[in-house]
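Peer 1: Turn this into a structure:
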Amino acid sequence: MMFRTAFLAGAAVGYVLGAKAGRERYEQIRGAWRRVSESPAVRERAESVRERGVGLAETVRDTVKGKAGEVVERRRERHADAPGPVTVPPG
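Peer 2: Predicted coordinates:
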């Protein structure tokens, strides 16, 4: 679904930029785009996609943070008998 949307958007942009139909056709396309982009249904869908993206980013952040903590803990356990403080190199 996302690929199709991106493809259609790219095709529309390519057509507008490469069209030889003139200013009148350009204005028609621009008006149609404005009507679509200002549609309440499109705005609602865009907002739900944005919210889903934010939720997914938070999930990824929490997962990475948890896994990083596990890696640090395993390293500490592995080097528990080593003298001096345990440091984790950056990166």
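Peer 1: OK, contacts around A32?
Peer 2: Taking CB atoms under 8 Å, 6 or more residues apart in numbering, we find A32 in contact with no residue. Placement of C-beta: from N, CA and C, glycine included.
Peer 1: mind checking pLDDT for it?
Peer 2: In the prediction, the pLDDT value recorded for A32 is 91.
Peer 1: what's the spacing between it and E77?
Peer 2: Distance, A32 to E77, using CB to CB, to the nearest Å: 62 Å.
Peer 1: Give me the most central residue, this structure.
Peer 2: G53 (6.4 Å; CA atoms, centre = their mean).
Peer 1: where in the chain is pLDDT low?
Peer 2: Applying pLDDT under 70 to the chain picks out residues 1, 19-21, 82-88, 91.
Peer 1: Helix, strand, or coil at A12?
Peer 2: helix (DSSP: H, G, I helix; E, B strand; the rest coil).
Peer 1: Is it correct that it is in contact with W33?
Peer 2: Yes. If you go by CB atoms under 8 Å, A12 and W33 touch, sitting 7.5 Å apart.
Peer 1: Tell me where this structure has helices.
Peer 2: 2-18, 23-37, 40-78 (DSSP state H).
Peer 1: okay if I get those helices as JSON lines plus distance to P90?
Peer 2: Shown next, in JSON lines, are these (distance: least, CB to CB, whole Å):
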{"stretch": "helix 2-18", "distance to P90": "35"}
{"stretch": "helix 23-37", "distance to P90": "44"}
{"stretch": "helix 40-78", "distance to P90": "12"}
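Peer 1: between those, which gets nearest to P89?
Peer 2: helix 40-78 (10.0 Å; CB to CB).
Peer 1: so how far is that closest one off the chain centroid?
Peer 2: Put simply, helix 40-78 sits 12 Å off its chain's centre (CA atoms, centre = their mean, to the nearest Å).
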